[in-house]
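Participant: need a structure here:
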Amino acid sequence: MKKKIIIPWILPLIMVINANAQWTSVNVPTPQILTNGTFTDDLHGYVSASYYPVVWRTANGGTTWDSTVFSYNVVDMDFSSNNEGFVLLRNGNDHYINKTVDGGLNWTSVNFSINPSA
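Facilitator: Sure, this is the predicted structure:
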C-alpha cells in the first residue's frame with residue numbers, strides 16, 4: 001500500500017482525516033526542509049527537499065536512510081512500487097526525468113520532449 005508522507009504545513013488536515021491512524025516519527029539525516037515523500041509500504045520510503053539535488057531512501061521503515069545525489073535539483077518524485085520510481089529534476093529552465101527500477105540504487109535518464117504547439 002502506497003502511503004504519502006505528511007508535509008509539515010498540512011499536518012493538522014492529515015491528522016484529522018487520519019485520526020485513528022498510528023503515527024511514528026522518524027529522523028531523516030538532513031538539515032533540509034523535506035517537502036516531498038512517499039512510502040510504498042511499511043518499510044520502503046523516499047523523501048526529498050524541493051530544489052535540492054538529493055533523494056533519501058529507506059528500506060527499514062525509516063530506521064536508516066541513504067541518499068542519491070543528482071546533478072540537478074529535485075522538483076518532484078513519485079514511486080509506483082518499492083522498485084520503480086521517477087524524479088523530476090530542474091536546472092534553470094531545463095527539466096529532466098530520471099527513472100529507477102531497483103529502488104533508487106541506480107537511475108537512468110528518460111527522454112521526453114514538450115511540444116508547445118500541440
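
Participant: list the contacts of residue 26.
Facilitator: Contact partners of residue 26, counting by C-beta atoms under 8 Å, 6 or more residues apart in numbering, are 58, 61, 62, 63. All C-beta spots, glycine's among them, are computed from the backbone N, C-alpha and C.

Participant: ok, it to residue 82 distance?
Facilitator: From residue 26 over to residue 82 the distance is 17 Å, taken as C-beta to C-beta, to the nearest Å.

Participant: run a quick neighbour tally on residue 72.
Facilitator: Residue 72: 17 surrounding residues under other C-beta atoms under 10 Å.

Participant: where exactly do the helices run in the chain?
Facilitator: 11-17 (DSSP state H).

Participant: and the longest strand for it?
Facilitator: Across the chain, the longest stretch assigned as strand under DSSP state E is strand 66-79.

Participant: can I get that strand in CSV, CA atoms only?
Facilitator: C-alpha atoms of strand 66-79 as CSV (Å, rounded to 0.1, in the frame of the first residue of the first chain):
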residue,chain,number,x,y,z
ASP,A,66,20.9,6.5,2.4
SER,A,67,20.8,9.1,-0.4
THR,A,68,21.3,9.7,-4.1
VAL,A,69,22.8,13.0,-5.2
PHE,A,70,21.6,14.2,-8.6
SER,A,71,23.3,16.7,-10.9
TYR,A,72,20.2,18.9,-10.7
ASN,A,73,17.6,19.9,-8.1
VAL,A,74,14.7,17.6,-7.4
VAL,A,75,11.4,19.2,-8.1
ASP,A,76,9.1,16.3,-7.6
MET,A,77,9.1,12.5,-7.4
ASP,A,78,6.7,9.5,-7.4
PHE,A,79,7.1,5.8,-6.8
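
Participant: sheet-wise, list the partners of it with their directions.
Facilitator: Strand pairing for strand 66-79, determined by DSSP bridges: strand 52-58 (antiparallel), strand 85-91 (antiparallel).

Participant: what lies in contact with the last one?
Facilitator: For strand 85-91, contacts defined as C-beta under 8 Å, 6+ apart pick out 46, 48, 51, 53, 55, 70-79, 95-100, 103-104, 107, 110.
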